[in-house]
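S.K.: A structural model of the following input is requested.
(chains A and B)
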There are 2 protein chains.
Amino acid sequence: MREVFQQELREVQDRLVETAELVADSIEKATRAFNRSDVTLAEEVIADDYRIDQLTVALDELAITILARQQPVARDLRIVVSALRISASLERMGDMSTHISQLARYRYPDKVVLKSLRPTFAELGRLDVEIARKLVELLRTEDVVLAEEIRNEDDKVDALHLHVFDKVLGATWKGEAVETVDVTLASRYHERFADHAVSIAKKVQYLVTGDWDPEKSAP
Amino acid sequence: MREVFQQELREVQDRLVETAELVADSIEKATRAFNRSDVTLAEEVIADDYRIDQLTVALDELAITILARQQPVARDLRIVVSALRISASLERMGDMSTHISQLARYRYPDKVVLKSLRPTFAELGRLDVEIARKLVELLRTEDVVLAEEIRNEDDKVDALHLHVFDKVLGATWKGEAVETVDVTLASRYHERFADHAVSIAKKVQYLVTGDWDPEKSAP
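M.R.: Here you go, the predicted model:
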């Protein structure tokens, strides 16, 4: 029974990695579509999001089946519950890629972002992609150094997110309302994407180290 | 054992209701603070959010303890897993109240919303509060008619959310960038609040009716 359980846990982990890979691909394409006004790529991201949704639904069903069949307790139970939560966060990360792509599609053939903010969004996109790739590696290797790196990159994302608002609310901002709306939402989506990655990283870190502060966040 | 389990499930339900009540209070105060520029009330919402967070963390721990001790299967298992998910959504709803309150606080003593959009935000606030109150009743009574009503109100919220963008992107919009940013975010927060309520309503509906489409959303 124990061996079956270990095998099923490996299956859960493999599927989390697979889903995270799709999420990393989606944010890479979404940010490229956004920064280059590539409507074809944007539509590809939007059309492909159902695959992430399907994988997470299947993963949830697998986790529930394991809970029912294996009746895990203690740490094993927390691993399965965490998988459910990681799955939910991955699903939301896919949604953020979709939202970023939708902005690119709505404004096509115009670029979403005014020149003065393009380097900021290029960097936000680069960081989100890097965070997503590190998340894949973290889920695969459980190397908690990666969790720390993800948190650090998220701090950079937060700083850039604030920088966007400084810029938009500053005296030199020349954007029309449409540009103001778009960069506000786009910046928020980039920031939320990274937040979800941090929330997953914390869960993995907890599972690996057992270092858990329930006041801070739930596993 | 069965009786203990039923008692523990009632405890879970009671705590979900209690948390939902706090969330309903928080959105009521947040939208009032937002629409009337009441900075004291805004700060109260922000300061009180930790109570919602604490309740959801404790609820999660209870659910995990029940999984470990009672080893539920089939429908019972899905009830407990759903409780974990409902708890996560309630926690996010509290965050949305906090975000709405923060907008009121940042702009104080100014109002966040220009005159032309005030009736829209008054209605968005009214709908979010109504949805939150219905959610409390739904969790308490499991009367699925309420789930349907919540979905209908959410449709109204979505329509108003689109109306905000029509207004902001229209020729008559006179807002500065700061007002454009604020109404964009405020509208998004109101809309997300209602979305989370719908996601909870679907889970309750599923648990009561057993009518479940895994392709649509996870329990």
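S.K.: now the residue nearest the centre of chain A, what's its secondary structure?
M.R.: For chain A, the residue nearest the mean C-alpha position is A:Met93 (3.6 Å; CA atoms, centre = their mean). Here A:Met93 is recorded as helix under DSSP: H, G, I helix; E, B strand; the rest coil.
S.K.: got the residues of chain A near chain B?
M.R.: A:54, A:56-57, A:60-61, A:64, A:67-68, A:71, A:73-74, A:77-78, A:81, A:84-85, A:87-88, A:165, A:168-169, A:173, A:175, A:177-178, A:180-181, A:184-185, A:188, A:214-215, A:217-219 (CB under 8 Å from any CB of the partner chain). The C-beta positions use only the backbone N, C-alpha and C, and glycine is treated the same way.
S.K.: need the buried ones from those residues selected in PyMOL.
M.R.: In PyMOL, a selection of the buried entries from these looks like this (16 or more other CB atoms under 10 Å in any protein chain shown):
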select buried, chain A and resi 56+57+60+64+67+71+77+78+81+84+85+87+88+165+168+173+175+177+178+180+181+184+185+188+217+218+219
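S.K.: pLDDT below threshold where in chain A?
M.R.: Residues of chain A that meet the criterion pLDDT under 70 lie in A:1, A:211-219.
S.K.: what about 80?
M.R.: A:1-2, A:210-219 (pLDDT under 80).
S.K.: picking up where we left off before, the residue nearest to the centre of chain A contacts A:Val198, correct?
M.R.: No. Counting by CB atoms under 8 Å, A:Met93 does not reach A:Val198; the two are 11.1 Å apart.
S.K.: residues contacting A:Glu137?
M.R.: By CB atoms under 8 Å, 6 or more residues apart in numbering or on different chains, A:Glu137 lies in contact with A:Asp143, A:Leu146.
S.K.: picking up where we left off before, chain B versus the residue nearest to the centre of chain A, what's the distance?
M.R.: For A:Met93, the distance to chain B equals 15 Å [CB to the nearest CB, to the nearest Å].
S.K.: show me what contacts that residue?
M.R.: Neighbouring residues of A:Met93 by CB under 8 Å, 6+ apart: A:Val23, A:Ser26, A:Ile27, A:Ala132, A:Phe193, A:His196, A:Ala197.
S.K.: check the gap between A:Val144 and A:Val208 for me.
M.R.: 5 Å (CB to CB, to the nearest Å).
S.K.: all helices of chain A, in order?
M.R.: Ranges of helices within chain A are A:2-36, A:39-70, A:74-107, A:118-141, A:144-169, A:177-209, based on DSSP state H.
S.K.: of those, which is nearest B:Ser97?
M.R.: Across the helices of chain A, the minimum distance to B:Ser97, taken as CB to CB, is reached by helix A:177-209, at 17.0 Å.
S.K.: run the chain-centre distance for stretch A:162-176.
M.R.: Chain-centre distance of stretch A:162-176: 26 Å, with CA atoms, centre = their mean, to the nearest Å.
S.K.: what's in contact with it?
M.R.: So stretch A:162-176 is contacted by A:Leu114, A:Ser116, A:Leu117, A:Thr120, A:Phe121, A:Thr180, A:Val183, A:Thr184, A:Ser187, B:Ala177, B:Val178, B:Val181 (CB under 8 Å, 6+ apart).
S.K.: how many residues are close by the fifth one?
M.R.: If I follow you right, that is A:Phe121. For A:Phe121, the count of nearby residues is 23 (other CB atoms under 10 Å in any protein chain shown).
S.K.: just checking, it touches A:Lys111?
M.R.: No. Assessed by CB under 8 Å, A:Phe121 is found out of contact with A:Lys111, at 9.8 Å.
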